[in-house]
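Q: Have a look at this prediction, sequence included:
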Amino acid sequence: MIGDSAISGDALSNDDVVDVLNDLLEITRDGGHGFLACAEEVESSSLKQVFAGRADSCRQGEQELIALIQQYGGTPAQGGTAAGALHRGWVHVKGTVGANSELSILESCERGEDAAVAQYRKALKQNLPADVRMVVQRQADGAQRNHDQIRDLRNAAREQRA
């Protein structure tokens, strides 16, 4: 599990919980959009399926985070991050200039997953309420599985090129 121990101290206020959840919501949206961008650029039907499945998981995670944000009295963030938009744009540029090898797409996707894993680790360092921690930990574990799957696919693509 990612970040199995919480930092002790005072529990976060509802506003602080909402801020943490909104950060995760934005990175989750980035992931969903990024996986869809990757699916559009690869030719392999099996990779298209992998990316579409990961995008669906991100959408489910979004809905779960939105419900928690509202439960804690917050307003869900409306978009993703600027870095996520830049990353998706870069994936599309690679496709436009013909640099969209499966390997380059998988490398880009893995960088996006690195960012997601880091954001979840940061969130798990907060003194989150138990119900929120449970959801965040489950989603963090899913982000790590996504990362590991993409890394393994990237490694396999590297071996095929060698």
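A: Arrived safely, thanks for sending.

Q: hey, which helix or strand in this structure has the poorest pLDDT?
A: Ranked by mean pLDDT, DSSP states H and E, the helix or strand of the chain with the weakest confidence is helix 82-96, at a mean of 48.

Q: Give the next helix or strand downstream of it.
A: Stepping forward along the backbone from helix 82-96, the first helix or strand reached (DSSP states H and E) is helix 102-124.

Q: avg pLDDT for that next one?
A: Throughout helix 102-124, pLDDT has a mean value of 90.

Q: can you check stretch 13-24 too?
A: 95.

Q: Look at Gln71 and report its pLDDT.
A: Residue-level pLDDT assigned to Gln71 equals 96.

Q: roughly how far apart are it and His33?
A: Relative to His33, Gln71 is positioned 25 Å away (Cβ to Cβ, to the nearest Å). For the C-beta atoms, the positions are set from N, CA and C on the backbone; glycine is no exception.

Q: Settle it for me: which of the two has more neighbours?
A: Each of Gln71 and His33 has its neighbours counted (other Cβ atoms under 10 Å); His33 has more, 20 against 14.

Q: element containing the more buried one?
A: helix 14-41.

Q: Just after that helix, pick out the following helix or strand.
A: helix 45-71.
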